[in-house]
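In: One predicted model, sequence on top.
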Amino acid sequence: MSDDDLTHTDDSGATEMVDVGAKPDSHRRAVASGSIRLRPATVDAVRENALQKGDVLAVARVGAIQAVKHAWESIPLCHQIPVSNVETAFSLGDDRIELRVAVETTGKTGCEMEALEGVTTGLNVVWDMVKAAEKDAEGEYPETRISDVTVESKRKKRLD
């Protein structure tokens with residue numbers, strides 16, 4: 001890739017937002033997912049809504065949605081987009097919680113960064129809500145891991 005192909009810097013090297021003004025509007029959907037590995041007892045406590053901080057998944061869902069709506073504020077040069085729909089789905093396994101976030105918009109740029117922000121923030125909220133149960137005797141998190149964050153799919157359909 002040559003310097004002429006860079007889209008977040010101008011000819012002098014100054015940072016700039018990509019101009020998407022001339023692009024046609026499209027309906028767009030992106031789906032991202034990830035997981036947090038936890039102790040099995042912690043997952044059971046989440047499942048039974050038995051943690052001191054309250055309903056882990058309800059709070060994480062709100063955090064994920066909020067993050068989707070504010071991705072443009074935390075990712076430099078990310079466009080603010082009109083989010084038309086956010087879907088969140090949690091799956092509880094034996095030793096992990098998986099989160100899948102789907103985002104839809106109609107506009108000139110995609111929504112995969114919003115979906116990723118939803119996943120990472122949602123999983124961070126889970127961690128925050130369960131951290132008392134996850135800490136070992138030294139206050140560390142030897143088993144807790146956020147991993148496998150990925151964009152599963154993205155699609156766009158041009159509006160006619």
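Out: Received the coordinates, thanks. Residues are numbered from 1 along each chain as shown.
In: Show me what the strand ranked longest in the chain packs onto, helices and strands only.
Out: For the chain, the longest strand by residue count, based on DSSP state E, is strand 145-158. If you count contacts as 3 or more CB pairs under 8 Å, 6 or more residues apart in numbering; DSSP states H and E, strand 145-158 packs onto strand 26-37, helix 112-134. The C-beta positions use only the backbone N, C-alpha and C, and glycine is treated the same way.
In: what's the angle from the last one to strand 26-37?
Out: Helix 112-134 and strand 26-37 meet at an angle of 20 degrees, taking axes from the mean of the first three to the mean of the last three CA atoms, to 10 degrees as the criterion.
In: Return the angle between stretch directions for helix 112-134 and strand 145-158.
Out: Going by the same axes, to 10 degrees, helix 112-134 makes 160 degrees with strand 145-158.
In: Please point out which parts of helix 112-134 sit buried.
Out: 112-127, 129-130, 133-134 (16 or more other CB atoms under 10 Å).
In: got it, and the first one?
Out: Of the residues in strand 26-37, those buried by neighbour count under the rule 16+ other CB under 10 Å are 26, 28-37.
In: just curious, which of those residues is nearest to Glu152?
Out: Ranked by distance to Glu152 (CB to CB), these are led by Val31 at 4.5 Å.
In: List the contacts of the closest one.
Out: By CB atoms under 8 Å, 6 or more residues apart in numbering, the contact list for Val31 reads 100-103, 115, 151-154.
In: Quick one: residues contacting Cys78.
Out: 71-72, 113.
In: now the residues you listed in CSV, with distance to Glu48 and pLDDT?
Out: Listed next are those as CSV, based on distance: CB to CB, whole Å; pLDDT from 0 to 100:
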residue, distance to Glu48, pLDDT
Ala71, 32, 96
Trp72, 37, 95
Met113, 34, 97
